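In: take a look and give me a structure for this.
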Amino acid sequence: MTEVVIVPNPAAGGALVADAIVALVQRRPDAVLGLATGSSPLPVYEALRPHAALLRDVRGFALDEYVGLPAGHPQSYRAVIEREVIGPLGLDPARVRVPGDDLPATGADHETSLAEAGERYEAAIAAARGVDLQLLGIGATGHIGFNEPGSSFASRTRVKTLTEQTRRDNARFFTAPDEVPLHCITQGLGTILAARHLVLLAFGAAKAEALAAAVEGPVTSSLPGSAIQLHGRVTVVVDDAAASALRFADYYRHAWAHKPAWQGL
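Out: Predicted structure coming up:
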């Protein structure tokens, strides 16, 4: 069963996960982190700021990126990672990758390079010896990364088409809904499942239904987040509101309260 930790608020969840990341980096200074964007991981990044000096050799791989935004667009995930992670935590920008960050800006080779971008990203992750800890959020459609319903559990980094629901959800970050790109490059579910430790964060009642389905529902490609049930080491960190639809919430609280301290997160 997936480990579910129910915390009083997002800040407490962020501190808990940050402590686990600090412990990982103390064991392995060049640890590889899988970096998520969106609101869910922000408390983790905030809690890591006092430990910036420890993180200077960390490597990072972002989950996904939009296709078609101009270079430097403030809502590109490269820009978001630079604002929320690289700058505040003092990471080396050269050690943090985002899918498609090696694409030529324009020209006849752009489409060919885009088609092969996923394979290059997979090779870069493999060269780094894989991801040690992958941060995840979950969307209203149950997507993790930009793996929308129907994504194969064996899928690897590739170009995907976003659902209209995801585009509507993300429109709040843009000045107009039609500015949200239609396509993205995302790590596949198979890529995500290859990480050594998955940490999924969910806060707020809006995430409750998708979270419960991912953690306690059937494993199905119709709800990509359910793929976490196939992984050997998964930690789900949620607040009371996000946990409100979980059938076994009382057991999760009991298990966490009695977990041996030496096991950590």
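In: quick one: low-confidence parts of the stretch 51-200 of the chain?
Out: 104-112 (pLDDT under 70).
In: can you give me the strands for it?
Out: 59-62, 64-67, 96-97, 133-136, 158-161, 183-186, 197-202 (DSSP state E, counting those that start in this stretch).
In: reformat these as TSV; add distance to Ser39.
Out: Yep, even glycine has a C-beta here, placed from its N, CA and C like the rest. Shown next, in TSV, are those (distance: least, C-beta to C-beta, whole Å):
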stretch	distance to Ser39
strand 59-62	16
strand 64-67	15
strand 96-97	20
strand 133-136	12
strand 158-161	21
strand 183-186	18
strand 197-202	9
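In: want to throw the ones you listed into TSV with mean neighbour count?
Out: Converted to TSV, the strands of the stretch 51-200 of the chain look like this (neighbours: other C-beta atoms under 10 Å):
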stretch	mean neighbour count
strand 59-62	24
strand 64-67	22
strand 96-97	22
strand 133-136	25
strand 158-161	18
strand 183-186	24
strand 197-202	26
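In: right, and these - which one's nearest Leu35?
Out: Of all the strands of the stretch 51-200 of the chain, strand 59-62 sits nearest to Leu35, with 4.8 Å by C-beta to C-beta.
In: ok, which stretches of the chain are helices?
Out: Assigned by DSSP state H, the helices in the chain fall at 10-27, 42-48, 77-81, 87-89, 110-127, 164-170, 189-193, 208-216, 249-257.
In: and Val237, how many neighbours?
Out: 27 (other C-beta atoms under 10 Å).
In: ok, now which ones touch it?
Out: By C-beta atoms under 8 Å, 6 or more residues apart in numbering, the contact set of Val237 is Val5, Val7, Gly13, Leu16, Val17, Val199, Leu200, Leu201, Ala202.
In: sorry, back to before: I'd like the helices of the chain as a markdown table, with distance to Gly68 and mean neighbour count appended.
Out: A markdown table is the format used below for the helices of the chain (distance: least, C-beta to C-beta, whole Å; neighbours: other C-beta atoms under 10 Å):
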| stretch | distance to Gly68 | mean neighbour count |
| --- | --- | --- |
| helix 10-27 | 31 | 18 |
| helix 42-48 | 25 | 21 |
| helix 77-81 | 13 | 22 |
| helix 87-89 | 25 | 15 |
| helix 110-127 | 10 | 15 |
| helix 164-170 | 12 | 16 |
| helix 189-193 | 22 | 23 |
| helix 208-216 | 26 | 21 |
| helix 249-257 | 41 | 13 |
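In: redo those helices as CSV? Include distance to Pro224.
Out: What follows is those, written out as CSV (distance: least, C-beta to C-beta, whole Å):
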stretch, distance to Pro224
helix 10-27, 21
helix 42-48, 21
helix 77-81, 18
helix 87-89, 28
helix 110-127, 17
helix 164-170, 11
helix 189-193, 6
helix 208-216, 8
helix 249-257, 22
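In: of the strands of the stretch 51-200 of the chain, which is nearest Asn147?
Out: strand 183-186 (6.0 Å).
In: which neighbouring elements make contact with that closest one?
Out: When contacts are defined as 3 or more C-beta pairs under 8 Å, 6 or more residues apart in numbering; DSSP states H and E, strand 183-186 packs onto strand 64-67, helix 110-127, strand 158-161.
In: how far off centre is that strand?
Out: 14 Å (C-alpha atoms, centre = their mean, to the nearest Å).
In: let's have the chain start at 9 instead
Out: Renumbered: residue one is now 9, and that last one reads strand 191-194.
In: residues in contact with that strand: which ones?
Out: Contacts for strand 191-194 (C-beta under 8 Å, 6+ apart): 71-76, 107-108, 122, 125-126, 129, 153-155, 165-170.
In: what pairs with that strand, and is each one parallel or antiparallel?
Out: strand 72-75 (antiparallel), strand 166-169 (antiparallel) (DSSP bridges).
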